[in-house]
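Peer 1: what's the 3D shape of this:
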Amino acid sequence: MVTARIAALFWLALPAAAHVIQITGVTIRTDSSSTTVAITAHLPLLARTDPAVELPRRLRLRLDDAYFRPITTSLTRDPGGDTLTWEATEQRPAGSFKLEAPIFPDVPGDTTVVAVYRDGKLIDRAALTPQHPDAVLGENTTAVIRRFIEMGIAHILSGPDHILFVLGLILAGGSFRRLLAIVSAFTLAHSITLSCTALGVASLSPRIVEPMIAFSILVVGVENLLTGKPKFNHRVAMAFGFGFFHGFGFAGALTESGLP
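Peer 2: Have a look, this model is predicted:
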């Protein structure tokens, strides 16, 4: 069992010329009656601390909507290496698991690798870093879709930038078909941006995205004031072009939340 955990701990480690990538492993196993969590960490990271106290203190794990509260724990040191494993069990199954932070967020270069097993079968995995500090794992497809729809609605309502831009575009009026074309062009640009970001094809710094979003609202507002009736084709092109920048802002918010 210990050997299997240690092997799993290094599944993301790649050969390096000067050093070995530092990894902390978290294995979550759940079935119909209980959930067991094992943390495998390097001993130097736990120097001058009590691992039995320090590791559970660092574990910020939610089982569905409640924090993991184990009733039994154990601590095992690997005799052949510099790692130890803390294992704990709570008599409660879960449908999803949210790890809210890496185990060692204060250690530069350390990555928390998480693997989730349900009834002995690997169902999900993730890597937590300072750039992606949390993850939701184990959800079924319906739950993932619902969660990201809710996040998308919250993202739009929490900041008026996207709404102001679209409202500015359609203030000039026009037929329902023309208004639908403008909104669809904006949505298409969002979709392309989100896909490129999720697949790692392209990304853009917030230092560029955020000013461009503000600039897009300014441009539409000035055009509405200076032009009595803007050209329809120009409005569609503007919705599509600036929609890319709005999309990068939207995609950034989603990927930071662990877009699967």
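
Peer 1: shouldn't residue 83 be in contact with residue 40?
Peer 2: Yes: applying C-beta atoms under 8 Å as the test, residue 83 and residue 40 come out as touching, 5.5 Å apart. Every residue, glycine included, has its C-beta placed from N, CA and C.

Peer 1: quick one, which of those two is more surrounded?
Peer 2: For residue 83 and residue 40, the more surrounded residue by other C-beta atoms under 10 Å is residue 40, and the numbers stand at 26 against 22.

Peer 1: could you look up the SS state of the more buried one?
Peer 2: Using DSSP: H, G, I helix; E, B strand; the rest coil, the secondary structure recorded for residue 40 is strand.

Peer 1: could you do residue 209 as well?
Peer 2: The three-state label given to residue 209 by three-state DSSP is helix.

Peer 1: do you know how far the closest residue to it other than its chain neighbours is from residue 148?
Peer 2: Using C-beta to C-beta, 6 or more residues apart in numbering and skipping residues adjacent in sequence, the residue nearest residue 209 is residue 248, 4.6 Å away. As for residue 248, its distance to residue 148 is 17 Å (criterion: C-beta to C-beta, to the nearest Å).

Peer 1: now do residue 68
Peer 2: Distance from residue 68 to residue 148, counting by C-beta to C-beta: 24 Å.

Peer 1: now residue 118
Peer 2: Going from residue 118 to residue 148 by C-beta to C-beta gives 21 Å.

Peer 1: same deal with residue 28?
Peer 2: Distance, residue 28 to residue 148, by C-beta to C-beta: 22 Å.

Peer 1: comparing those two, which shows the higher neighbour count?
Peer 2: residue 28 (24 against 16).

Peer 1: and the strands in the protein?
Peer 2: Assigned by DSSP state E, the strands in the chain fall at 23-30, 35-42, 61-63, 66-67, 72-77, 83-90, 97-99, 111-118, 121-128, 135-137.
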